[in-house]
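Student: Sequence and predicted structure below; questions after.
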Amino acid sequence: MKMSWRWYGEGNDSITLDHIRQIPGMETIVWSLHDKVAGEVWEEERIKEVMDLIKSKGFNGDVVESVNVHDDIKLGLPSRDKYIDIYIDTIKKLSRAGVKVICYNFMPVFDWTRTDLYKELPDGSNALFYEKDAITHDPNEMAQRILKGAGKFTMPGWEPERMAKLDELFKSYEGITEDILFGNLQYFLERIIPTCEEYDVKMAIHPDDPPWPIFGLPRIIRSRDHIKRFLDLVDSPYSGLTLCTGSLGPNLLNDIPAIIREFHNRIHFAHIRNVKVFENGDFIEVSHRGKDGNVDVYEVLKAYHDNGFTGYVRPDHGRHLWGEEKDCRPGYGLYDRAMGVMYMLGVWDSLDKFKAEKANQ
Ligand SMILES: [Mn+2]
């Protein structure tokens with residue numbers, strides 16, 4: 001596996017590339033042009049600027065998270081072709097700059113959803129929290145809560161311009177079922193995957209977070225069966241997965257190690273994070289240590305290791321520690337993610353050693 005770190009860019013992240021350089025084993029910076037809204041053109045110069053900066057610190061910039069998909073594509077509107085053309089143009093430009101994997105999602109209206117960005121844990125740290133009962137109300141109220149919690153930072157998927165048109169967006173999704181959404185995703189993939197094959201860029205869809213429908217909107221990447229259906233839409237290695245344990249984890253019926261073992265050939269990017277699920281279905285993000293939550297991170301890593309996984313891995317969200325929430329993006333502090341890296345590398349190195357010992361016996 002290749003260890004990576006999500007970085008929001010110069011002036012847009014409290015963590016710098018110099019901080020990240022001091023975390024052992026770090027090879028890849030996961031980046032994006034975060035000022036770009038879905039459907040906007042990405043200029044070659046802007047791409048080169050970021051890639052040059054990343055390379056100047058000794059990293060590669062192989063993974064982009066995300067190039068967002070315009071709602072017209074998800075909705076299957078006639079205007080989708082225009083936006084798909086722009087998407088294809090971005091794929092080509094990123095390929096020329098050396099990018100290997102593009103993460104994206106196909107979630108209607110909302111990206112990841114939480115009800116509290118700073119819920120306190122028993123140890124005094126705090127983390128992203130999801131309270132099931134708080135989601136039954138008005139989506140506008142939810143959006144305001146997220147934007148307020150984010151403070152000075154922009155939140156990918158929660159752009160104020162989009163949130164201002166929430167009622168309109170919800171109206172446009174009326175009547176969009178799971179089947180229709182799958183059909184629109186297939187149309188999108190059938191148009192972009194030939195370019196990905198030609199330009200050697202792998203698409204990696206991110207699962208829906210949380211893994212169930214919210215506010216009556218369909219969510220289609222949330223279980224083994226949904227993933228299987230997705231992979232069959234366009235049966236090419238270039239149409240693959242970002243396997244996020246934190247997104248699939250809140251549904252305890254998702255056997256994540258089994259999903260990894262079944263689909264590892266199509267997983268290009270692994271997001272690893274732990275969640276603790278409460279009896280009433282609420283959940284909170286906890287440390288990467290398996291024992292702290294419901295995701296058995298050891299078994300997750302073992303499933304990758306047993307299959308010789310060579311893709312990109314990153315610690316997903318972490319808790320906010322030692323007061324860092326005053327100056328970091330929600331879920332994207334430095335300390336807990338850095339500890340998560342060390343936990344994962346510790347498990348991985350042990351698995352390497354164990355395998356070598358077994359081979360020598
Ligand atoms: Mn994730």
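Tutor: That came through, no problem.

Student: anything in the top helix by length along the chain near the ion?
Tutor: If you go by DSSP state H, the chain has its longest helix at helix 335-360. No: for a cut-off given as C-beta under 5 Å from the ion, helix 335-360 has no contacts with the ion; the smallest distance is 12.1 Å. Any C-beta I mention is one placed from the backbone N, CA and C, and that applies to glycine too.

Student: roughly how far is that helix from the heart of the chain?
Tutor: Chain-centre distance of helix 335-360: 23 Å, with C-alpha atoms, centre = their mean, to the nearest Å.

Student: List the buried residues in it.
Tutor: Judged by neighbour count using 16 or more other C-beta atoms under 10 Å, the buried positions of helix 335-360 are 336-341, 343-345, 347-348, 351.

Student: what's the answer for stretch 275-288, then?
Tutor: In stretch 275-288, counting by 16+ other C-beta under 10 Å, buried: 275-277, 282-288.

Student: Same check on stretch 300-313?
Tutor: 300-305, 309, 311-313.

Student: Out of those, flag the one nearest to residue 40.
Tutor: Distance to residue 40 across the buried residues of stretch 300-313 (C-beta to C-beta) is lowest for residue 312, with 24.8 Å.

Student: tell me which residues form a beta bridge with that closest one?
Tutor: residue 2, residue 269 (DSSP bridges).

Student: what separates it from residue 351, distance-wise?
Tutor: 18 Å (C-beta to C-beta, to the nearest Å).

Student: what's the next secondary structure element after the one helix or strand residue 162 maps to?
Tutor: Per DSSP states H and E, residue 162 falls inside helix 160-163. Per DSSP H and E, the first helix or strand lying C-terminal to helix 160-163 is helix 166-172.

Student: Which other helices and strands does that next one contact?
Tutor: helix 71-75, helix 139-150 (3 or more C-beta pairs under 8 Å, 6 or more residues apart in numbering; DSSP states H and E).

Student: and the spatially closest residue to residue 111 that is not a sequence neighbour, what pLDDT?
Tutor: Spatial nearest neighbour of residue 111, chain neighbours left out: residue 157 (2.3 Å); criterion: C-beta to C-beta, 6 or more residues apart in numbering. With respect to pLDDT, residue 157 has a value of 71.

Student: Check the secondary structure at residue 157 for me.
Tutor: coil (DSSP: H, G, I helix; E, B strand; the rest coil).

Student: correct me, but it touches residue 113?
Tutor: No: using C-beta atoms under 8 Å as the test, residue 157 is too far from residue 113 to be in contact (9.0 Å).

Student: Please give me every residue in contact with the closest residue to residue 3 other than its chain neighbours.
Tutor: Once flanking residues are discounted, residue 3 sits nearest to residue 25: 4.6 Å by C-beta to C-beta, 6+ apart. Under the criterion of C-beta atoms under 8 Å, 6 or more residues apart in numbering, the contact list for residue 25 reads 3, 341, 345.

Student: Redo those residues as JSON lines? Include pLDDT and distance to residue 40.
Tutor: Putting the contacts of residue 25 into JSON lines (pLDDT from 0 to 100; distance: C-beta to C-beta, whole Å) gives the following:
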{"residue": "3", "pLDDT": "98", "distance to residue 40": "30"}
{"residue": "341", "pLDDT": "98", "distance to residue 40": "32"}
{"residue": "345", "pLDDT": "98", "distance to residue 40": "37"}
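
Student: And the pLDDT at the residue nearest to the spatial centre of the chain?
Tutor: With distances taken as C-alpha atoms, centre = their mean, residue 206 lies nearest the centre of the chain, 5.2 Å away. For residue 206, the pLDDT comes out at 97.

Student: So which bits of this protein are right by the ion?
Tutor: Those residues of the chain that sit near the ion, judged by C-beta under 5 Å from the ion, are 244, 271, 316.

Student: and residue 242, what is it in contact with?
Tutor: Residue 242 sits next to 65, 103, 204-207, 267-271 when contact means C-beta under 8 Å, 6+ apart.

Student: Now with 6 Å, please.
Tutor: Applying C-beta atoms under 6 Å, 6 or more residues apart in numbering, we find residue 242 in contact with 103, 204, 206, 269.

Student: which two in those are spaced the farthest apart?
Tutor: 206 and 269 (8.4 Å).

Student: anything in contact with each of these two?
Tutor: Contact criterion C-beta under 6 Å, 6+ apart; residues shared by residue 206 and residue 269: 103, 242.

Student: residues near whatever residue of the stretch 1-150 of the chain ends up closest to the ion, how many?
Tutor: As assessed by C-beta to the ion, the ion sits closest to residue 112 within the stretch 1-150 of the chain, at 7.4 Å. Residues near residue 112, counting by other C-beta atoms under 10 Å, number 23.

Student: Do I have it right that it meets residue 209?
Tutor: Yes: if you go by C-beta atoms under 6 Å, residue 112 and residue 209 touch, sitting 4.1 Å apart.

Student: mind listing what whatever residue of the stretch 101-250 of the chain ends up closest to the ion touches?
Tutor: Nearest residue of the stretch 101-250 of the chain to the ion (C-beta to the ion) works out as residue 244 at 3.4 Å. Contact analysis of residue 244 by C-beta under 6 Å, 6+ apart lists 206-207, 271.

Student: Enumerate the beta-bridge partners assigned to it.
Tutor: Beta-bridge partners of residue 244, as defined by DSSP bridges: residue 271.

Student: again, but for residue 275
Tutor: Counting by DSSP bridges, residue 275 is bridged to residue 285.

Student: For it, give me its contacts.
Tutor: Contacts of residue 275 by C-beta under 6 Å, 6+ apart are 246, 249-250, 283, 285, 293.
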